[in-house]
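Peer 1: need a 3D model of the sequence below.
(one chain, ligands or ions: 1)
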Amino acid sequence: MQAQNLRYTQFHLTNPIPDENHIENVFEQFITEYKEFRVNVPIGCITDKCSKKQKERIDLSVFCGAGGYLYLYLRIYEFVKGLSPDMQQRCTKGLTDQEFSEFYNPETALQLALRQYQALQAQIKKDTDISFFMSNSTIYLLGAELFYYMKDKENFKKCTMEALINFGTIVAEPEKQEQELLYGIPGYLYTLLRLHKKYSNEQDPYQLDLSSHIHTLCQIICKFSGKGVMKCDFHNRSYFGAAHGILGVIQMLLLSYEQCKEYFHLKDEQGLLEMLDSIQKTLDQLIKLYYQNGNIPSSAQNLNNLKLYQFCHGIPGAIAPLLKAYQIFNKQDYLDAAIHMSENLYKFGMIKKGFGLCHGIPGNSYGFMQLYRLMGNEKHRKYAYQFLQYKKNVYVYNEIKNFPFNDRYMIGVSDQPFSLMIGSVGDMCAMMDFIDYKGMPGYEI
Ligand SMILES: [Zn+2]
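Peer 2: Next up, the predicted model:
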């Protein structure tokens with residue numbers, strides 16, 4: 001009744017987008033994307049479903065290939081399993097009664113994941129890539145997750161052993177590897193962190209403690225990035241961002257320290273202190289650059305390139321490591337910088353590239369979600385909501401569909417429209433995270 005009376009007594013709208021619909025609308029958008037995905041990507045697909053002007057090819061990577069489809073089914077399984085009955089009742093839009101019971105049966109997603117895994121596993125060839133985003137071995141990492149859920153200990157063991165093979169390759173000749181997240185050692189460290197987080201506290205036969213592996217890789221990474229202000233060189237440039245640069249490296253080091261703190265202290269106190277000191281010096285330097293410029297430039301060689309507001313370059317990838325550093329070092333500057341960045345991200349982060357996590361609007365929504373989770377400020381949740389509804393905003397979507405990028409095969413379409421990092425699988429992950437947060441794929445645990 002009271003709400004109805006307000007209609008006649010209050011002259012302003014309380015909120016043009018009522019709060020209570022956010023979850024429902026994001027879920028509906030997720031279902032729309034998921035139905036579109038299922039129509040276009042058959043179960044067991046092993047190719048990158050690319051835009052029409054390219055030739056489809058076999059690609060098992062989770063970055064822009066078929067590994068991302070497996071990632072999606074497992075994420076949906078987690079989502080369905082973890083959603084409270086209350087939330088399930090709110091998340092129904094876009095589903096018929098029959099679709100509802102199918103979707104909320106965890107077995108459905110698990111069976112899809114199994115079929116997708118089997119198709120991919122048959123195609124795995126030894127590759128030279130090592131990172132979570134690029135390596136074929138990520139299929140085994142996801143396989144371990146699948147068989148853990150299925151309580152299949154034989155296959156779980158097999159998959160974890162396969163996923164660990166790259167560790168030996170890296171330790172044998174670390175200088176042969178890249179040093180950034182997308183292709184390099186920090187990208188493989190993410191694979192280990194994911195395994196360690198999920199299984200270090202498990203009972204046998206699912207128990208897996210990787211503290212020593214993680215520590216070894218951190219030592220290697222620190223050796224390459226140097227003491228004091230750290231550097232991350234890739235193709236003759238010192239990049240600052242998340243995908244190719246030092247922010248991605250720092251995020252992995254902080255996650256490692258957070259997960260294996262006691263082991264790090266026990267093993268090499270001096271080395272640890274140096275690592276933590278270098279991380280802080282580097283973040284302080286990046287924050288300075290940010291306040292001077294309103295963004296973090298792409299690289300030390302290109303300090304004037306400030307136009308990129310996307311996960312791979314610029315501030316979007318800085319918010320997660322700054323918040324982690326704030327929690328670890330209890331330094332207010334890091335939180336203040338992250339909050340300040342979020343306002344600039346809101347202003348400049350609705351990028352015309354549009355789709356996906358790596359350089360897209362849903363990827364930028366993660367910065368807001370990360371802040372919201374820590375600080376609980378509704379404003380950040382609303383920012384994230386607006387970013388996730390980008391296809392519903394006629395003005396925004398029209399710009400995206402018509403803006404010509406010269407590195408894109410077709411105007412207005414992602415090169416791999418159904419992939420994890422540049423297509424709708426990533427969008428769907430962000431939407432599920434809006435409803436029940438698990439963390440940005442490849443960047444958070
Ligand atoms: Zn990118």
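Peer 1: next, the contact list for I76, please.
Peer 2: For I76, the contact set (Cβ atoms under 8 Å, 6 or more residues apart in numbering) comprises Y34, A109, L112, M432. Any C-beta I mention is one placed from the backbone N, CA and C, and that applies to glycine too.
Peer 1: would you mind measuring from it to the ion?
Peer 2: Distance, I76 to the ion, by Cβ to the ion, to the nearest Å: 24 Å.
Peer 1: same question for K198.
Peer 2: 27 Å.
Peer 1: how about N304, secondary structure?
Peer 2: coil (DSSP: H, G, I helix; E, B strand; the rest coil).
Peer 1: that one reaches S298, doesn't it?
Peer 2: No. Using Cβ atoms under 8 Å, N304 makes no contact with S298, being 9.6 Å away.
Peer 1: what segments of this protein are strands?
Peer 2: Per DSSP state E, the chain carries strands over the ranges 233-234, 237-238.
Peer 1: other residues contacting the last one?
Peer 2: Counting contacts by Cβ under 8 Å, 6+ apart, the residues outside strand 237-238 that touch it are K231, C232, G245, I246, S299, A300, Q301, N302.
Peer 1: turn the contacts of I76 into a markdown table, including neighbour count.
Peer 2: Output for those, formatted as a markdown table (neighbours: other Cβ atoms under 10 Å):
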| residue | neighbour count |
| --- | --- |
| Y34 | 20 |
| A109 | 23 |
| L112 | 20 |
| M432 | 24 |
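Peer 1: ok, and what's touching stretch 250-267?
Peer 2: Applying Cβ under 8 Å, 6+ apart, the contact partners of stretch 250-267 are 181, 186, 189-190, 193, 196-197, 200, 211-212, 214-215, 217-218, 221-222, 230, 242, 272, 275-276, 279, 282-283, 317, 320-321, 324-325, 328, 443-445.
Peer 1: got it, and stretch 169-181?
Peer 2: 130-131, 133, 184-188, 190, 216-217, 220-221, 223-225, 232-234, 239, 242-245, 248-249, 251-252, 442-443.
Peer 1: mind running it again at 6 Å?
Peer 2: By Cβ atoms under 6 Å, 6 or more residues apart in numbering, the surrounding residues in contact with stretch 169-181 are G184, I185, G187, I220, F224, C232, F234, A243, H244, G248.
Peer 1: quick one: end-to-end distance for it.
Peer 2: End-to-end distance for stretch 169-181, by Cα to Cα, to the nearest Å: 17 Å.
Peer 1: same deal with stretch 355-369?
Peer 2: End-to-end span of stretch 355-369 (Cα to Cα): 18 Å.
Peer 1: quick one on the thing from earlier: among the contacts of stretch 250-267, which ones are buried?
Peer 2: 181, 186, 189-190, 193, 196, 211, 214-215, 217-218, 221-222, 230, 242, 272, 275-276, 279, 282-283, 317, 320-321, 324-325, 328, 443-444 (16 or more other Cβ atoms under 10 Å).
Peer 1: can you give me the helices for the stretch 301-445 of the chain?
Peer 2: Assigned helices in the stretch 301-445 of the chain, in chain order: 319-329, 332-348, 361-375, 378-388, 394-402, 424-435 (criterion: DSSP state H, counting those that start in this stretch).
Peer 1: and of these, who's closest to S84?
Peer 2: helix 424-435 (10.8 Å; Cβ to Cβ).
Peer 1: so K391 touches Y397, yeah?
Peer 2: Yes. At 5.1 Å, K391 counts as touching Y397 under the criterion of Cβ atoms under 6 Å.
Peer 1: pick out whichever of the two has more residues nearby.
Peer 2: The residue with more neighbours, out of K391 and Y397, is K391; 19 against 15, by other Cβ atoms under 10 Å.
Peer 1: and that one, what does it touch?
Peer 2: By Cβ under 6 Å, 6+ apart, the neighbours of K391 are Y397.
Peer 1: how about a cut-off of 8 Å?
Peer 2: Contacts of K391 by Cβ under 8 Å, 6+ apart are Q29, Y397.
Peer 1: can you check the pLDDT for it?
Peer 2: Reading off the confidence values, K391 has pLDDT 95.
Peer 1: could you do G314 as well?
Peer 2: If you check G314, the pLDDT there is 97.
Peer 1: against E258, how distant is it?
Peer 2: Distance, G314 to E258, by Cβ to Cβ, to the nearest Å: 24 Å.
Peer 1: so for those two, which sits in the more crowded spot?
Peer 2: Legend: neighbour count by other Cβ under 10 Å for G314 and E258, higher for G314 (31 against 15).
Peer 1: which residue is the nearest non-sequential neighbour of that one?
Peer 2: Excluding its sequence neighbours, the residue lying closest to G314 (Cβ to Cβ, 6 or more residues apart in numbering) is L308, at 4.5 Å.
Peer 1: would you turn the helices of the stretch 301-445 of the chain into JSON lines with mean pLDDT?
Peer 2: Formatted as JSON lines, the helices of the stretch 301-445 of the chain follow (pLDDT from 0 to 100):
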{"stretch": "helix 319-329", "mean pLDDT": "98"}
{"stretch": "helix 332-348", "mean pLDDT": "98"}
{"stretch": "helix 361-375", "mean pLDDT": "98"}
{"stretch": "helix 378-388", "mean pLDDT": "96"}
{"stretch": "helix 394-402", "mean pLDDT": "94"}
{"stretch": "helix 424-435", "mean pLDDT": "98"}
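Peer 1: so for the ion, which of the ones you listed sits nearest?
Peer 2: Nearest of those to the ion, taken as Cβ to the ion: helix 361-375 at 7.9 Å.
Peer 1: when N304 and S298 are compared, which one has more neighbours?
Peer 2: The neighbour count for N304 versus S298, taken as other Cβ under 10 Å, is higher for S298 (22 against 8).
Peer 1: ok, now which ones touch the more buried one?
Peer 2: S298 neighbours (Cβ under 8 Å, 6+ apart): Y239, F240, G241, G245, N305, L308, H313, G314.
Peer 1: returning to that earlier point: and the contacts of I76, which is closest to E99?
Peer 2: Using Cβ to Cβ, the contacts of I76 come closest to E99 at Y34, 10.1 Å.
Peer 1: just the pLDDT for that closest one.
Peer 2: According to the model, Y34 scores 98 on pLDDT.
Peer 1: could you do D407 as well?
Peer 2: pLDDT recorded at D407 is 84.
Peer 1: distance check, it against G442.
Peer 2: From D407 across to G442, the span is 21 Å (Cβ to Cβ).
Peer 1: which of those two has more neighbours?
Peer 2: Counted by other Cβ under 10 Å, D407 and G442 do not tie: G442 has more neighbours, with 27 against 6.
Peer 1: I'd say the more buried one and F132 touch.
Peer 2: Yes. Contact between G442 and F132 holds when scored by Cβ under 8 Å: they sit 5.4 Å apart.
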